[in-house]
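Peer 1: pasting a predicted model and its sequence here:
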Amino acid sequence: MKIELENNKVFLKNQGQKKEIHPFWLRERVNGESFLDKRTQQRLFDPTKLEENIMINSLNLSDQFLEVTFNDSTYAKFLILDIIREFENENEIEKIEKIEWDSSLKNFVNFKFEENFFNKEVMYNALINFYKFGFVIFKEVPTKDNFIVNFANSIGSIRRTNFGECFEVKSKPNPNDLAYTPLALAPHTDNPYRNPVPCIQLLHCIENEVTGGLSTLVDGYTVTEKLKKDYSDYYKILTEVKVRFQFIDQTVILEDWAEMIQVNEKRKFKQVRFSPRLDFVPLIEKNQLELFYLARKKISELYNSEQYRIEFRLNPGDLLMMDNYRLLHGRTSYDTNQGSRFLQGCYIDYDSTEGKLKHLKRKLNL
Ligand SMILES: [Fe+2]
């Protein structure tokens with residue numbers, strides 16, 4: 001990609017194609033100190049108030065810089081690299097390649113909590129790992145005084161739900177969710193009925209005296225890619241039909257309609273939703289429903305297959321951070337007579353992890 005000039009116009013040349021850059025696009029990026037606040041990188045003027053017929057009066061191009069004077073007498077000196085970066089228009093996070101994994105994933109890297117943890121390179125590395133695998137485990141995280149809230153707010157901001165700022169996972173009488181019983185929980189994603197669905201779940205083990213209650217994870221991304229490859233008609237219908245997900249208790253009714261596999265505008269993986277206790281399939285044509293039910297059965301088989309599941313024990317101090325758009329989680333059953341099992345959980349959204357990762361990269365020059 002490179003910048004070229006011709007007849008007082010600026011062009012971007014990319015893979016044999018040459019496109020003119022609109023003068024207004026450059027004008028609204030004028031970066032002198034009376035136009036842009038250096039500290040916040042926020043504009044000090046409103047570009048919607050500019051004349052529409054902005055034109056270029058003169059140009060100068062060197063190795064690193066493009067200098068422009070506009071017909072309203074403003075001048076700007078742009079770093080060419082900045083312009084090229086804007087044209088790539090790619091979020092840095094999207095460049096981190098997801099690693100597909102299944103039950104053969106062993107010895108994944110854990111990250112030990114330490115002083116000033118949230119401002120160190122170890123946190124940056126943990127976040128990269130999170131984006132690659134969809135989860136990361138932190139060890140020796142303090143377990144006193146709801147430290148998970150502090151932990152979440154040190155990455156970004158906690159996402160409160162009707163279960164509270166953080167919730168306690170232990171068996172209790174009259175539970176409003178099966179999570180609060182000692183029963184096994186099949187792989188599922190959390191809160192598919194919420195709009196938007198919380199992006200990331202944190203689960204912190206405070207006490208664990210039982211031999212069961214193992215945590216389970218499945219990579220929804222790996223399973224989706226498998227389905228796409230081997231059962232394309234199933235994949236297609238699961239990306240098309242919007243299912244109603246619902247949660248009802250004494251104080252609230254939450255509903256949302258969404259596909260079980262959601263793709264982004266580039267038709268690439270975005271999110272899975274799977275919670276067979278909470279989904280209501282719409283009344284569509286009978287043969288479409290027939291295909292949908294086969295597809296749902298197949299994806300359920302894959303999600304529940306040992307081939308894709310990892311199981312591990314969370315010990316006191318362990319904090320599991322997982323992508324609720326990508327992974328399914330669950331647990332094996334346990335016996336309450338053996339002792340206590342107590343986890344605390346909360347949610348954060350992608351802006352927290354993305355913001356932290358980009359900040360650490362800038363701060364530490366990584
Ligand atoms: Fe859950």
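Peer 2: Sure thing, it's come through.
Peer 1: roughly how far is stretch 69-85 from the heart of the chain?
Peer 2: Here stretch 69-85 is found 34 Å from its chain centre; the criterion is CA atoms, centre = their mean, to the nearest Å.
Peer 1: end to end on that stretch, go ahead and measure it.
Peer 2: For stretch 69-85, the first-to-last residue distance is 22 Å (CA to CA, to the nearest Å).
Peer 1: please apply the same query to stretch 324-334.
Peer 2: 24 Å.
Peer 1: tell me the mean pLDDT over it?
Peer 2: Per-residue pLDDT over stretch 324-334 has a mean of 96.
Peer 1: mind listing what's buried along it?
Peer 2: 324-332, 334 (16 or more other CB atoms under 10 Å). For every residue, glycine as well, the C-beta is placed using N, CA and C.
Peer 1: just after the longest helix seen in the chain, pick out the following helix or strand.
Peer 2: In the chain, with assignment by DSSP state H, the single longest helix is helix 286-304. Next helix or strand after helix 286-304 toward the C-terminus (DSSP states H and E): strand 309-312.
Peer 1: all helices of the stretch 151-300 of the chain, in order?
Peer 2: Secondary structure of the stretch 151-300 of the chain by DSSP state H, counting those that start in this stretch: the helices cover 220-230, 232-238, 286-304.
Peer 1: let's have these in a markdown table, adding mean pLDDT and mean neighbour count.
Peer 2: Below are the helices of the stretch 151-300 of the chain laid out as a markdown table (pLDDT from 0 to 100; neighbours: other CB atoms under 10 Å):
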| stretch | mean pLDDT | mean neighbour count |
| --- | --- | --- |
| helix 220-230 | 98 | 19 |
| helix 232-238 | 98 | 18 |
| helix 286-304 | 98 | 16 |
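Peer 1: just send these back as a markdown table, with distance to Phe312 too.
Peer 2: Output for the helices of the stretch 151-300 of the chain, formatted as a markdown table (distance: least, CB to CB, whole Å):
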| stretch | distance to Phe312 |
| --- | --- |
| helix 220-230 | 17 |
| helix 232-238 | 28 |
| helix 286-304 | 18 |
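Peer 1: so which of those helices gets nearest Asn264?
Peer 2: Smallest distance to Asn264 across the helices of the stretch 151-300 of the chain (CB to CB): 12.5 Å, for helix 220-230.
Peer 1: and the angle for that closest one with helix 286-304?
Peer 2: Computed with axes from the mean of the first three to the mean of the last three CA atoms, to 10 degrees, the direction of helix 220-230 lies at 130 degrees from that of helix 286-304.
Peer 1: contacts for helix 220-230 next, please.
Peer 2: 98, 100-102, 134, 189, 234-235, 238, 261, 269, 272, 274, 298-299, 302-303, 308, 326-328 (CB atoms under 8 Å, 6 or more residues apart in numbering).
Peer 1: point out where this structure drops to low pLDDT.
Peer 2: Where the chain drops to pLDDT under 70, the residues are 173.
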